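Trainee: fold the following for me, if possible:
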Amino acid sequence: MMHLAHAADVTVVGGGLAGVTAAVSAARNGAKVALINNRGVLGGNSSSEIRVWVVGATAHGAQKFARETGLMGELFAENQWRNPEGNPILWDHVVLDLVREEPNITLFLNTEVREVEADGDEDDRVLRSVTGWQSGSERLIRFESPIFLDCTGDGLVGLLAGARFATGREDRSVYGEEWAPEVADDDMLGSTILFYTKDAGQPVRFVPPGITKDVQAFDLPLRRHIDPGMNGCDYWWIEWGGELDAVADNERIRDELWGIVFGIWDYIKNSGRFDAANLTLEWVGTVPGKREYRRFIGDHVLTQQDVTGQTRFPDTVGFGGWSIDLHPPGGIYAADSPSKHLFGPGLYDIPFRSLYSVNVRNMLMAGRDISASHVAFGSTRVMATCAVVGEAAGTAAALAVRRGVTPRQISAAHLDELQAMLVRQDASLLGVSWQDPSDLALKATVTASSTLTRLAGDAGAEPERLPIGEADFGLLLPADPRVDVVRIGVEAARATTAAVELWSTGSGLNHIPVTLLATREASVERAGRGWLEARFDDVPMEGGEVVVVVRRNDDLAVVVGAGRPPYGVLGLLSRDPALDLGTPQSNAWSAFELRRRTPRFEVEPATAAYRPDQVAGGLARPFDGPNLWASDPGGEQHIELRWPEERTIGRVELIFNDDVDEDLINLHHHRTPYLVMPELVKDYRIEVEQAGGWETVVAVTGNRVRRRVHVLDTGARAGALRVVVTATNGDERAMIVAVRVFES
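Mentor: Residues are numbered from 1 along each chain as shown. Below is the predicted model of the structure:
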């Protein structure tokens, strides 16, 4: 047996998506990183070993403009390009390639950390090293670094280091959470094993193995939807073990789940109730996908009120949006519904103080073990959100090493620097402005070849009718500077009067009606197609976004055509009134039916929501408006930055619009029809103005990523710079979110 030592700036234990993004973000920010994973593949629950789809703030499309950017966004976009069919093996390599592209990362697969060295008293401990056994190489490896990240999910490193943690369900009095039980207990969410099937093209028998359960004996077919066309996470409700210890009882939980899986398949194949003669099992998982175990205590414990009440944290480093999604501890054997969901009005902040240990001074955590109550964990636990906090924790780890400080000292003295690093790398951060004084773009005058100012949608020559007799219709609009007059194209069965309302969204975190501003009655004088007009020019407004709501009317249909309305505009339909729990919930308004479809509408006055100066500083994703420059349709377009005197330009960083309203997913839940988002700039060049005129210094064709960095090796002295867009990936307008310019 060989004993080795490995020293790094940052040691990340756990190779799920949280560990991957933590390692990559630390490495990109200059730290030497050791990434340790106890399995042979990265990706954790999303890997081909377990095959859980990666979901996050989009909540399967219930949230609007919510897809993650930063590293999780890179993974989604790369997988969409390489692997739109959702092949789990190819997803493994999308994740692995992201890690292997970073020279600052040393990857240790099949390495089980089983002991740590830590010292200090129980209130102030320091991690010195972790030691892991790499089975294939028969090496015992000791890892040393000043900063450690526990991304293990189960929280093994923190446990061994003496970090404070919680398990089970707190009682309602601890945090005042309505969804917490009256009495605390040890129950948690259970684990799941999934399976895949395929059509063999000829009849295939199924002889059940001995472990098979008789699912008809406990009426499972009556309490769960079973269909031979379902695969993988369609069976997310095959869950058990929430009343056991997910670690100590792991083997028992796995065997029980295997028995249930084979029992469901036996029922499909041999009950005679399904057309499944040619179907065969292609794959059954061998590793239970765990949902919950330890949650470490940080300087802040995220709670239900933080999630649904949308607490705005000054130390925000990421966002979530998945519902509070809790399951009965009995899992598949419970008589209760397999899950219950609670949404707030929109997205919510995750504070940095929830990402480091309250008593282990050099330990950060990311993933499902962050500092959250059991109820709040019901939302933060999903993998895209875990990846968001992984990127934030990894960036903080690199900053801690660079400054020679602890994570708590970052919170106290270096928070602005941490947030600036995250904004610069396009991480998933809401409402935090870019204002780095080293960015020359902030000192420039910004103009454009053209700017979209007409806020309108044309339904085309052959529009469809969208009846609104059973659902209220909403139109989300940027109100920059105001929305005074709104006309909506309708088709009336007869003369009628409709109730039209103006609502604010209440916050940049939301994109649904939250606060009623005004109510109007609007008349349609005759049957046929025409305009429903409402005036709001006497209503006080503070910019941001508004929603115009047309209440359901049996005599009206909204006229809708193909194509996308101006970016930031969404058509909405209200859902089941039972979703109204007294406070607005984002899933009560659906954008699914009208995404990438254009209701006919016109707004007065002209909008400033797409003005060119937004590419310099400000926000880099939708928040109280689209926050980007958009051109008029057609032709070559450009954005220009001009300085009073010549500057040395050594580095240009660009962020393009890749439509964060489009829900992407790594596996098979749904298919998105685009390999590359149509809004994304495809071909462009960067020009600088010198004495002889405009000179091209960068030319790119076939772009398919959101963030591009261009280093000009020799630098260039110039009084102005242009980004010239010659083609997009399908949209008729050129759109740029940010242009950042540095001397070096």
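Trainee: so Asp266 touches Pro209, yeah?
Mentor: No: judged on CB atoms under 8 Å, Asp266 makes no contact with Pro209 at a distance of 9.4 Å. Every residue, glycine included, has its C-beta placed from N, CA and C.
Trainee: more crowded one of these two?
Mentor: Asp266 (19 against 10; other CB atoms under 10 Å).
Trainee: distance of that one from Pro338?
Mentor: To Pro338, Asp266 is 21 Å away according to CB to CB, to the nearest Å.
Trainee: just give the closest residue to Gly571, not the sequence neighbours.
Mentor: Closest residue to Gly571 apart from its sequence neighbours, by CB to CB, 6 or more residues apart in numbering: Leu594 at 3.1 Å.
Trainee: list the contacts of that neighbour.
Mentor: 466, 560, 570-573 (CB atoms under 8 Å, 6 or more residues apart in numbering).
Trainee: TSV for these, including distance to Gly528 and neighbour count?
Mentor: Putting those into TSV (distance: CB to CB, whole Å; neighbours: other CB atoms under 10 Å) gives the following:
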residue	distance to Gly528	neighbour count
Leu466	16	20
Val560	16	21
Leu570	27	24
Gly571	21	23
Leu572	25	26
Leu573	23	19
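Trainee: once you drop chain neighbours, what's closest to Arg706?
Mentor: Counting by CB to CB, 6+ apart, Arg706 lies nearest to Asp658, which is 4.4 Å off, once chain neighbours are set aside.
Trainee: quick one: neighbours of the one you found, just the number.
Mentor: 27.
Trainee: on the three-state scheme, it is what?
Mentor: coil (DSSP: H, G, I helix; E, B strand; the rest coil).
Trainee: kindly confirm my reading that Lys64 is in a strand.
Mentor: No: Lys64 sits outside any strand when classified using three-state DSSP, being coil.
Trainee: who's in contact with it?
Mentor: Shown in contact with Lys64 (CB under 8 Å, 6+ apart): 346, 476, 511-512, 570, 586, 591, 661.
Trainee: the helices in this structure, which residues?
Mentor: Taking DSSP state H, the helices of the chain run over residues 17-28, 70-82, 88-100, 156-161, 172-175, 220-223, 250-270, 304-308, 374-380, 383-403, 407-413, 415-424.
Trainee: just put those in CSV and tack on mean pLDDT.
Mentor: Output for these, formatted as CSV (pLDDT from 0 to 100):
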stretch, mean pLDDT
helix 17-28, 99
helix 70-82, 98
helix 88-100, 98
helix 156-161, 98
helix 172-175, 97
helix 220-223, 82
helix 250-270, 97
helix 304-308, 98
helix 374-380, 98
helix 383-403, 98
helix 407-413, 98
helix 415-424, 98
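Trainee: buried deepest among the ones you listed, which one?
Mentor: Scoring these by mean neighbour count under mean count of other CB atoms under 10 Å gives helix 17-28 as the most buried, with a mean of 31.
Trainee: compute the inter-axis angle for it and helix 415-424.
Mentor: Angle between the axes of helix 17-28 and helix 415-424 is 100 degrees (criterion: axes from the mean of the first three to the mean of the last three CA atoms, to 10 degrees).
Trainee: now do helix 17-28: which elements does it pack against?
Mentor: strand 10-13, strand 33-36, helix 70-82, helix 88-100, strand 105-108, helix 383-403 (3 or more CB pairs under 8 Å, 6 or more residues apart in numbering; DSSP states H and E).
Trainee: which one of those lies closest to Ile410?
Mentor: Ile410 lies closest to helix 383-403 among the helices and strands packed on helix 17-28, at 5.6 Å (CB to CB).
Trainee: looking at this structure, which helix or strand does the model trust least?
Mentor: Lowest by mean pLDDT, DSSP states H and E among the helices and strands of the chain is helix 220-223, with a mean of 82.
Trainee: looks like Ser463 contacts Gly561 (just checking).
Mentor: No Ser there; residue 463 is Pro. Yes: with contact defined as CB under 8 Å, Pro463 counts as touching Gly561 (4.3 Å).
Trainee: between those two, tell me which one has more neighbours.
Mentor: Pro463 (21 against 18).
Trainee: run a quick neighbour tally on the closest residue to Thr726 other than its chain neighbours.
Mentor: Spatial nearest neighbour of Thr726, excluding adjacent residues (CB to CB, 6+ apart): Asp683 at 4.5 Å. Using other CB under 10 Å, Asp683 has 16 neighbouring residues.
Trainee: which stretches of the stretch 601-744 of the chain form strands?
Mentor: 601-604, 629-630, 637-656, 681-690, 693-700, 707-728, 735-742 (DSSP state E, counting those that start in this stretch).
Trainee: picking up where we left off before, is it possible to get CSV of the helices of the chain that adds distance to Val116?
Mentor: Putting the helices of the chain into CSV (distance: least, CB to CB, whole Å) gives the following:
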stretch, distance to Val116
helix 17-28, 16
helix 70-82, 27
helix 88-100, 23
helix 156-161, 4
helix 172-175, 29
helix 220-223, 42
helix 250-270, 21
helix 304-308, 31
helix 374-380, 24
helix 383-403, 17
helix 407-413, 17
helix 415-424, 26
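Trainee: how close does Ser428 get to Met230?
Mentor: 31 Å.
Trainee: quick one: which of those two has more around it?
Mentor: Ser428 (31 against 14).
Trainee: Met72 is in contact with that one, correct?
Mentor: Yes: judged on CB under 8 Å, Ser428 makes contact with Met72 at a distance of 6.8 Å.
Trainee: shared neighbours of these two, anything?
Mentor: Common neighbours of Ser428 and Met72 are listed as 388, 391 (criterion: CB under 8 Å, 6+ apart).
Trainee: show the pLDDT at the closest residue to Thr311 other than its chain neighbours.
Mentor: Leaving out its chain neighbours, the residue that sits closest to Thr311 by CB to CB, 6+ apart is Asp349, at 6.4 Å. Residue-level confidence at Asp349 comes out at 98, pLDDT.
Trainee: give me the neighbour count for Asp349.
Mentor: 24.
Trainee: cool, and the one 3 residues further on?
Mentor: For Phe352, the neighbour count with other CB under 10 Å is 28.
Trainee: the chain should start at 24 in everything you say after this.
Mentor: With 24 as the first residue, the last one maps to Phe375.
Trainee: would you check that it makes contact with Ser434?
Mentor: Yes: Phe375 is within contact range of Ser434, at 5.7 Å (criterion: CB under 8 Å).
Trainee: returning to what we had before: any idea which of the strands of the stretch 624-767 of the chain is most buried?
Mentor: Of the strands of the stretch 624-767 of the chain, the one with the most neighbours on average (mean count of other CB under 10 Å) is strand 652-653, at a mean of 28.
Trainee: from the middle of its chain, how far away would it be?
Mentor: 23 Å (CA atoms, centre = their mean, to the nearest Å).
Trainee: what pairs with that strand, parallel or antiparallel?
Mentor: strand 758-765 (antiparallel) (DSSP bridges).
Trainee: nearest residue to Ala399 in space, please, no chain neighbours.
Mentor: Leu325 (4.4 Å).
Trainee: now the residue lying closest to Arg623 once chain neighbours are set aside, which residues is it bridged with?
Mentor: Distances taken as CB to CB, 6+ apart put Gly512 closest to Arg623, at 2.7 Å, once the chain neighbours are dropped. Using DSSP bridges, the bridge partners assigned to Gly512 are Trp554.
Trainee: need the per-residue pLDDT for Gly512.
Mentor: The predicted local confidence for Gly512 is 97.
Trainee: pull the contacting residues for it.
Mentor: Here Gly512 is in contact with 482, 486, 552-555, 581-582, 622-624 (CB under 8 Å, 6+ apart).
Trainee: swap in Leu499?
Mentor: Neighbours of Leu499 in contact, by CB under 8 Å, 6+ apart: 87, 528, 534-535, 568-570, 591-595.
Trainee: check the gap between it and Ala89 for me.
Mentor: Separation of Leu499 from Ala89 (CB to CB): 13 Å.
Trainee: what residue ranges in the protein score low on pLDDT?
Mentor: 599-605 (pLDDT under 70).
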